[in-house]
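> Next comes the sequence, and after it the predicted model I'd like to discuss.
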Amino acid sequence: MCFTSSDRTDDPPPRPARVLEQQATSMPTPSKASMPQNFAPPAGPPPSHRAGDEYAPPSGPPPSHDYAPPAGPPPTKNNPFFDGVAPPSGPPPSQRYGGQGSSDFAPPPGPPPSQEKETKKHDWETAVPDTSLLPPPPSFFSGFDRSPTNNAPEHEAREGEDWCRRFPLSNPLPVAPAELDAMNSGNINMFAPPFYRGTLGLQAIGVWRGKTESKARDTCLATYPPLYSVTAHSPFATHRAKTIYYEVRILEDSRHEVSLALGYVAPPYPPFRLPGWHRGSLAVHGDDGHKYINDRWGGKEFTHAFRRGETLGLGMEIAPAPGTGISVQIFLTRDGVENNRWDLHEETDKVQDLPVTGLEGFHDICAAIGVFDAVSFEIVFVPEKWRWQGWRAHQD
């Protein structure tokens, strides 16, 4: 660079400004021939070589080393929207709900919902079959409309109902000491109605044998004295249970289908109807094995049909019930072994089942054996001659 004569001074010429090494290498220095002849540098030293008193940083330490907040309360105190509002009590939300060390809240166990595997939906149409294809449900409480074996004519059923309306149940009768002794020893008499077609005879004290003719009509053979007397045996009077029982042996010369029923009746009872068909009576019929309780239709399933040569027994347990009632259980034995039983007050069908009045322990109860067609039988009232030995636990 060259200077004009008017710029000459006694000071040493200024040193050129430092140029970055990268620029020095990348940009060529212009030659004197390229400099204009009338160019002059600006007055004064180069900017990097000015005297120290020409430039000074602002007073005080650098901002990063000395900082104070602006005067006055924090902005939230000056903000008209937050005037007089205090922060909620307790730790910040980050510490209260799920924050580090929080004990107030814990996430539910298991992976987050987004990580759970999608559960398969229940296919109820496959699990539940079409019930229209199923058979009708069994009838637990209702009985049969007709017996599968033998049925009496409908007009006889109507006649039996008419007879019961004309002769209502008797009130309990007083029992003489001789009658009470006969009950306890099994010295029971059997009575047959005048139209009975067959034989009936006393074999020994408390043992009767009978035989009916072929095609004999329905007949009810009843006992006296009763096996249960309200006067002598009511749980209200004795405060204990009373069990009545008897056995019938089906003899071998009976027809194959046993036409005999074991039952109990509250007197009086229509003698031309089998026990179990009308009020105040129950029975188990031998031809179908059904139980009948004031049921003139087909009865209810109970046991299998009776067989020739078999000994059947029917008993009633009349006992005090909790509270102020009487409970009644009926049981059947076959060859000395209890086969089945039922509760007189079991669940029944409200529409089809009729009342059990007369059998609840408030009326005298007699043994009743129903027969029809050809059957041979032996009836035993003496406990010592029974095949069932459970009577020993029920002795008075």
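Arrived safely.
> Look at residue 179 and give its secondary structure.
helix (DSSP: H, G, I helix; E, B strand; the rest coil).
> Alpha carbons only: can I get stretch 361-373 in PDB?
Output of stretch 361-373 as PDB, limited to C-alpha atoms (Å, rounded to 0.1, in the frame of the first residue of the first chain):
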ATOM      1  CA  GLY A 361    -101.500 -85.500  63.200                       C
ATOM      2  CA  PHE A 362    -104.800 -83.800  64.100                       C
ATOM      3  CA  HIS A 363    -107.100 -86.800  63.200                       C
ATOM      4  CA  ASP A 364    -107.000 -90.500  64.000                       C
ATOM      5  CA  ILE A 365    -105.200 -92.500  61.400                       C
ATOM      6  CA  CYS A 366    -106.000 -96.100  60.400                       C
ATOM      7  CA  ALA A 367    -104.000 -98.600  58.200                       C
ATOM      8  CA  ALA A 368    -105.700 -99.200  54.800                       C
ATOM      9  CA  ILE A 369    -104.900-101.900  52.300                       C
ATOM     10  CA  GLY A 370    -106.300-101.500  48.800                       C
ATOM     11  CA  VAL A 371    -106.900-104.500  46.500                       C
ATOM     12  CA  PHE A 372    -108.300-105.300  43.100                       C
ATOM     13  CA  ASP A 373    -108.300-108.200  40.700                       C
END
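> can you give me the mean pLDDT across it?
Confidence over stretch 361-373, taken as the mean pLDDT, stands at 97.
> do the same with stretch 178-186
On average, stretch 178-186 scores 92.
> which residues touch that stretch?
175, 187-188, 205-206, 225-227, 229, 232, 380-383, 396 (Cβ atoms under 8 Å, 6 or more residues apart in numbering). (Each C-beta comes from the backbone N, C-alpha and C, glycine too.)
> Show the buried residues in these.
Listed as buried from those are 175, 188, 206, 225, 226, 227, 229, 232, 380, 381, 382, 383; burial here means 16 or more other Cβ atoms under 10 Å.
> that older thread, show me the contacts of stretch 178-186 that map onto helices.
residue 232 (DSSP state H).
> Closest one to residue 72 out of the contacts of stretch 178-186, please.
residue 396 (109.2 Å; Cβ to Cβ).
> ok, residue 284 touching residue 313?
No: here residue 284 lies out of contact with residue 313, judged by Cβ atoms under 8 Å, at a distance of 10.3 Å.
> what residues do these two have in common as contacts?
Shared contacts of residue 284 and residue 313 (Cβ under 8 Å, 6+ apart): 262, 332.
> CA atoms of stretch 184-199 as PDB?
Extracted as PDB, the C-alpha positions of stretch 184-199 are listed here (Å, rounded to 0.1, in the frame of the first residue of the first chain):
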ATOM      1  CA  ASN A 184     -99.400-101.200  71.500                       C
ATOM      2  CA  SER A 185     -99.400-105.000  71.100                       C
ATOM      3  CA  GLY A 186    -100.400-105.100  67.400                       C
ATOM      4  CA  ASN A 187    -103.800-106.700  68.100                       C
ATOM      5  CA  ILE A 188    -105.500-104.900  65.200                       C
ATOM      6  CA  ASN A 189    -108.700-105.900  63.500                       C
ATOM      7  CA  MET A 190    -109.200-105.700  59.700                       C
ATOM      8  CA  PHE A 191    -112.700-104.900  58.200                       C
ATOM      9  CA  ALA A 192    -113.800-105.500  54.600                       C
ATOM     10  CA  PRO A 193    -116.900-103.900  53.100                       C
ATOM     11  CA  PRO A 194    -119.900-106.100  52.100                       C
ATOM     12  CA  PHE A 195    -119.100-106.100  48.400                       C
ATOM     13  CA  TYR A 196    -115.600-107.400  48.900                       C
ATOM     14  CA  ARG A 197    -115.000-110.400  46.600                       C
ATOM     15  CA  GLY A 198    -112.500-112.600  48.300                       C
ATOM     16  CA  THR A 199    -111.400-114.100  51.700                       C
END
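> any idea of the mean pLDDT for the one helix or strand residue 263 maps to?
Assignment of secondary structure by DSSP states H and E places residue 263 within strand 260-265. If you average the pLDDT over strand 260-265, you get 98.
> Now do the contacts for residue 192.
By Cβ under 8 Å, 6+ apart, residue 192 lies in contact with 198, 200, 210, 219, 221.
> at 10 Å instead, please
Residue 192 makes contacts with 198, 199, 200, 210, 212, 219, 220, 221, 222, 271, 369, 371, as judged by Cβ atoms under 10 Å, 6 or more residues apart in numbering.
> rewinding a little: which strands border the next helix or strand after the strand holding residue 263, and is each parallel or antiparallel?
Once the chain leaves strand 260-265, the next helix or strand it forms, by DSSP H and E, is strand 281-285. Next to strand 281-285 in the sheet, as set by DSSP bridges, lie strand 260-265 (antiparallel), strand 290-293 (antiparallel).
> so which of those gets nearest residue 110?
That would be strand 290-293 among those, by Cβ to Cβ, at 58.3 Å.
> Next, the buried residues of that closest one.
290, 291, 292, 293.
> Show me what the third one bridges to in the sheet.
Which is residue 292. residue 283.
> so what's residue 199 bridging to?
residue 211.
> burial count for it?
12 (other Cβ atoms under 10 Å).
> swap in the one 3 residues further on?
Using other Cβ under 10 Å, residue 202 is surrounded by 11 other residues.
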